[in-house]
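Peer 1: Here is my input, please return the structure:
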Amino acid sequence: MPTTAADLLQAAHAVVPKISASDAQAKVAAGALLLDVRDAPELSANGRAAGSHHIPRGMLEFRADPATPFHDPELQFDRPVILHCASGGRAALAGKLLKDMGYAEVHNLGGFKDWVEGGGAVIEPVDPGMQADVNVNFLHRRDTVGIPTQYRREILRQTSIWNFSFEPLNLGGSSGFWTGLLPKEFRDWKNTYEHQSRDADQRIDRTGRAGRHGGTL
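Peer 2: This next block holds a predicted model:
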């Protein structure tokens, strides 16, 4: 029988103990790592626990392994880790992953709401302001860039994940790892897009609209 998501969650809950918000706060005060594994747009929209560290679930294997160039030094095998996501499912799966990788003490707080309801301090979401509208408007101006429809959603997803910035599309250098995670046809098209977007910036600026790097509307 194929393994289902329910099977994976059951196995995760069996090895990753739950922890209350009050106990989590005490452990964090004593040096434990409070790890938020939600995706970045969730943090932007809903805020985050004060003092928490963010690693999206999709990057956790790489951040947790000291043998990779993407290791996050906040993750240490002997440091207690308390995970949370939005409701607890991803945190449970992430917790089992860390246990499997050799992390000694791992707990599942559950969801962000559990931290909030338990009286944990929260950093409120930041208003993205004009820059968000500028970049989204820019992406929707098909006549200026000619972005193919099949890539439009992917670009919007990436710009929202990366704080509405166009820079992640520039995937060279130390960020080259991301190139391998994107579909080949998108990578090929991206190179053309980056050249076109520079020309589009100039056209938008000449018409009095804001370009990629800000301006006034």
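Peer 1: Surely residue 107 is within a helix?
Peer 2: No. Looking at residue 107 with DSSP: H, G, I helix; E, B strand; the rest coil, it is strand, so not inside a helix.
Peer 1: ok, and the closest non-adjacent residue to it?
Peer 2: Excluding its sequence neighbours, the residue lying closest to residue 107 (CB to CB, 6 or more residues apart in numbering) is residue 19, at 3.9 Å. All C-beta atoms are positioned from the backbone trio N, CA, C, and that covers glycine.
Peer 1: so what are the domain limits for this protein?
Peer 2: 5-123, 129-206 (automatic domain parsing).
Peer 1: so how far is residue 121 from the residue nearest to residue 107?
Peer 2: Using CB to CB, to the nearest Å, residue 19 is found at 17 Å from residue 121.
Peer 1: about what we covered before: among the domains of the chain, show the one with the smallest mean pLDDT.
Peer 2: Mean pLDDT per stretch puts domain 129-206 lowest among those, at a mean of 50.
Peer 1: where's the nearest residue to residue 55 once chain neighbours are set aside, which helix or strand?
Peer 2: Residue nearest to residue 55 in three dimensions, not counting chain neighbours: residue 63, with 4.8 Å by CB to CB, 6+ apart. Using DSSP states H and E, residue 63 maps to helix 60-64.
Peer 1: What is the subsequent helix or strand relative to that helix?
Peer 2: strand 81-85.
Peer 1: Output the contacting helices and strands for that following strand.
Peer 2: helix 21-29, strand 33-36, helix 89-100, strand 106-111, helix 112-117 (3 or more CB pairs under 8 Å, 6 or more residues apart in numbering; DSSP states H and E).
Peer 1: what residues are up against residue 63?
Peer 2: 55, 70-72, 75 (CB atoms under 8 Å, 6 or more residues apart in numbering).
Peer 1: Could you dump those into a markdown table with neighbour count and distance to residue 32 added?
Peer 2: Converted to a markdown table, the contacts of residue 63 look like this (neighbours: other CB atoms under 10 Å; distance: CB to CB, whole Å):
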| residue | neighbour count | distance to residue 32 |
| --- | --- | --- |
| 55 | 21 | 15 |
| 70 | 13 | 22 |
| 71 | 13 | 19 |
| 72 | 19 | 15 |
| 75 | 20 | 12 |
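Peer 1: who has more neighbours, residue 19 and residue 121?
Peer 2: When residue 19 and residue 121 are compared for neighbours, residue 19 comes out ahead with 22 against 11, by other CB atoms under 10 Å.
Peer 1: right, and the more buried one touches residue 109 too?
Peer 2: Yes. Counting by CB atoms under 8 Å, residue 19 touches residue 109, with 5.6 Å between them.
Peer 1: Would you mark the buried spots in stretch 41-54?
Peer 2: Within stretch 41-54, the residues scored as buried using 16 or more other CB atoms under 10 Å are 42-44, 48-49, 52-54.
Peer 1: so how many other residues sit close to residue 66?
Peer 2: Residue 66 has 12 nearby residues by other CB under 10 Å.
Peer 1: distance of residue 8 from residue 89?
Peer 2: 9 Å.
Peer 1: Quick check on those two: which one has the bigger neighbour count.
Peer 2: Using other CB under 10 Å as the criterion, residue 8 and residue 89 rank with residue 89 on top: 18 against 14.
Peer 1: Could you say which helix or strand holds the closest residue in space to that one that isn't next to it in sequence?
Peer 2: Leaving aside its sequence neighbours, residue 89 sits nearest to residue 9 (CB to CB, 6+ apart; 6.1 Å). Remark: residue 9 resides in helix 5-15, with elements defined by DSSP H and E.
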